[in-house]
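*Asks:* Model the structure of this input:
(one chain, ligands or ions: 1)
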Amino acid sequence: MTDRPTANYLDSAKRVVIKIGSSLLVDDATGTLHHAWLEALAQDIAALRALHKDVIIVSSGAIALGRRHLELGDRVLKLEENQAAAAAGQIRLAHAFQETLGKQDLHVAQLLLTSADTEARRRYLNARNTINALLKLGAVPVINENDTVATDEIRVGDNDRLAARMAEMASADCLVLLSDVNGLYDANPRIDGSAKLIREVTEITPEIENMAGSTGSAHAKGGMVTKIAAAHIAVHAGCHMVITDGTKLHPLKALENGADCTWFVSKATPRSARKRWILGSLKPVGKLILDAGAQTALTKGKSLLPAGVHDVEGDFERGDTVMLCGPDGSDLGRGLCAYSSK
Ligand code: GLU
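*Replies:* Numbering: from 1, shown residues only. Reported below is the predicted structural model:
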C-alpha cells in the first residue's frame, strides 16, 4: 500500500471494463439522464477505441430512470416494483448509450446477465463467446444485471461486483470503477480532515478491508465494501482495478492525465490467472488420450488438433474440463474442450 503516485495501468491495458454508477448517469431529483456527462464519456471511450483498446461498459441506472418514468416516487420499492422500474429504465438506458456512442461511430450491444450466467458453465461460455465476438467486431458491449429475473438467489446485487465478474469473464486487464469518490482513504474523509488517499494497493489486507468498512462513502448500492469485493475478484483474475471520481466530465481522460485514484494492482495476468483457474478449480470430467506427435506438439506450446486425439474417455460437453494424457496414460495437463465427447 502506498500514497505515492503510481503507474497508470489504463495506458498499457488492452481490454478495459468501465463501470458507471447510477448517481453519475441519472439525476437523483428529476430522474433524468445526464446527457452532457454521457456525451463526454463517449468521447473518452472513442479515444480509447482509437488506441485499439477493447471497451466493455457495465452501467447502472435502470432502476433510477425507471422509477421516475413509472412515477414510483422516492419510497422504498417492493421487489416487483424494482423489477418493473428496471424494465422501464433499461430500455431508456440502452437507447441513451446507442444514441450517444453512435455519435462517435461506435456500435453498442446490450447484454443483461445474472450471477447464474457467470457461474453455470455453459451459460458462462455463451456469454464469454458473445462478448469476445462483439469485441472482435469492434462493438462496445453495454452490460447490466438482468434485474427483472434476478431474485435474491441469483443476483449479484451490485454492479461493482458484476463489473469485476465481467472483467474476469472477458479476460480484461483493467477495470475502472467510476464513482462519486476518488478512491480509498485510510479514514473517512468526510469526517476526518487528515484522511489520506491510498494510491496503490498491492495486497488486500485486513487493514485495507477495515478502511473500506469505516470510510462509508459512495452511496447507491455499491459502497466501498462492494468495491473491495470487486477488487478481490479482479486482481485474482489478473486484472488491475481503479476507483476514481467519475462526477466530472471526461473522467477517463482525467484518469489518463493522472487524476487522484486508488489502483488495486494484480500480480497475475488474465492469461496466467485463467490457466491457474483451469488447473486448480475445475474438476476434469473426461480424458483425451493423445498420440506421440500431439504430445510433442503440446509440450512445445502448440495447439492440439482433433487428429492428434487417439481416444476419448468419459462423457463431457463442449466447455467441460478434460485431462490430457500421453499415449502411455501420463498426465500432461488440463484443458477446456471445444467439443463434446461425442
Ligand atoms: N442494476 C441496477 C440498475 O441498473 C443497479 C445496481 C447497482 O447500482 O449496483 O439500476
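
*Asks:* Just the buried positions in the host helix or strand of residue 126, please.
*Replies:* Assigning secondary structure by DSSP states H and E places residue 126 in helix 121-136. Residues of helix 121-136 classed as buried under the neighbour-count rule (16 or more other CB atoms under 10 Å) are 124-125, 127-128, 131-132, 134-135. In this view, the C-beta of every residue, glycine as well, is placed from N, C-alpha and C.

*Asks:* what pLDDT, on average, does that helix get?
*Replies:* Mean pLDDT, helix 121-136: 91.

*Asks:* now what about that helix, what contacts it?
*Replies:* Applying CB atoms under 8 Å, 6 or more residues apart in numbering, the external contacts of helix 121-136 come out as 15, 54, 56, 109, 111, 113, 116-118, 140-141, 166, 169-170, 317-320.

*Asks:* Need the distance between the two termini of stretch 243-253.
*Replies:* Distance between the boundary residues of stretch 243-253 (CA to CA, to the nearest Å) amounts to 14 Å.

*Asks:* Check the offset of the lengthiest helix in the chain from the chain's centre.
*Replies:* If you go by DSSP state H, the chain has its longest helix at helix 79-102. Relative to the mean C-alpha coordinate of its chain, helix 79-102 is positioned 19 Å out (CA atoms, centre = their mean, to the nearest Å).

*Asks:* How far off centre is the following helix or strand past that helix?
*Replies:* Sequence order places strand 108-113 as the next helix or strand after helix 79-102, per DSSP H and E. How far strand 108-113 lies from its chain's middle: 13 Å, per CA atoms, centre = their mean.

*Asks:* same thing with stretch 196-216?
*Replies:* Centroid separation between stretch 196-216 and its chain, computed with CA atoms, centre = their mean, is 21 Å.

*Asks:* List the buried residues for that stretch?
*Replies:* For stretch 196-216, burial by neighbour count (16+ other CB under 10 Å) applies to 198-201, 204, 208, 211-212, 214-215.

*Asks:* Tell me who's in contact with the closest residue in space to residue 325 that isn't next to it in sequence.
*Replies:* Leaving aside its chain neighbours, residue 325 sits nearest to residue 289 (5.1 Å; criterion: CB to CB, 6 or more residues apart in numbering). By CB under 8 Å, 6+ apart, the contact list for residue 289 reads 309-313, 325-327, 329.

*Asks:* Please apply the same query to residue 295.
*Replies:* Residue 295 is in contact with 326-327, 332, counting by CB under 8 Å, 6+ apart.

*Asks:* Pipe the residues you listed into a markdown table and attach neighbour count, secondary structure and pLDDT per row.
*Replies:* Listed next are these as a markdown table, based on neighbours: other CB atoms under 10 Å; DSSP: H, G, I helix; E, B strand; the rest coil; pLDDT from 0 to 100:
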| residue | neighbour count | secondary structure | pLDDT |
| --- | --- | --- | --- |
| 326 | 18 | coil | 92 |
| 327 | 14 | coil | 92 |
| 332 | 16 | strand | 89 |
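
*Asks:* May I see the PyMOL selection of the buried members of the contacts of residue 289?
*Replies:* A single PyMOL command suffices to select whichever of the contacts of residue 289 are buried according to 16+ other CB under 10 Å:
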select buried, resi 309+312+325+326
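
*Asks:* Looking at the contacts of residue 289, spot the one nearest the ligand.
*Replies:* The nearest member of the contacts of residue 289 to the ligand, counting by CB to the nearest ligand atom, is residue 312 at 42.4 Å.

*Asks:* That closest one is in what secondary structure piece?
*Replies:* Assigned by DSSP H and E, residue 312 belongs to strand 309-313.

*Asks:* which residue ranges form the helices in this protein?
*Replies:* For the chain, the helices defined by DSSP H cover 9-12, 22-25, 35-50, 62-69, 79-102, 115-119, 121-136, 159-169, 206-215, 224-236, 251-256, 270-280, 292-299.

*Asks:* so the fourth one versus helix 79-102, what angle?
*Replies:* When you say that, I think you mean helix 62-69. 100 degrees (axes from the mean of the first three to the mean of the last three CA atoms, to 10 degrees).

*Asks:* shouldn't residue 276 be in contact with residue 267?
*Replies:* No - assessed by CB atoms under 8 Å, residue 276 is found out of contact with residue 267, at 11.6 Å.

*Asks:* So between the two, which is more surrounded?
*Replies:* Higher neighbour count among residue 276 and residue 267: residue 276, with 14 against 11, using other CB atoms under 10 Å.

*Asks:* coming back round to it: grab the two from the buried residues of stretch 196-216 that are most spread out in space.
*Replies:* 200 and 214 (19.6 Å; CB to CB).
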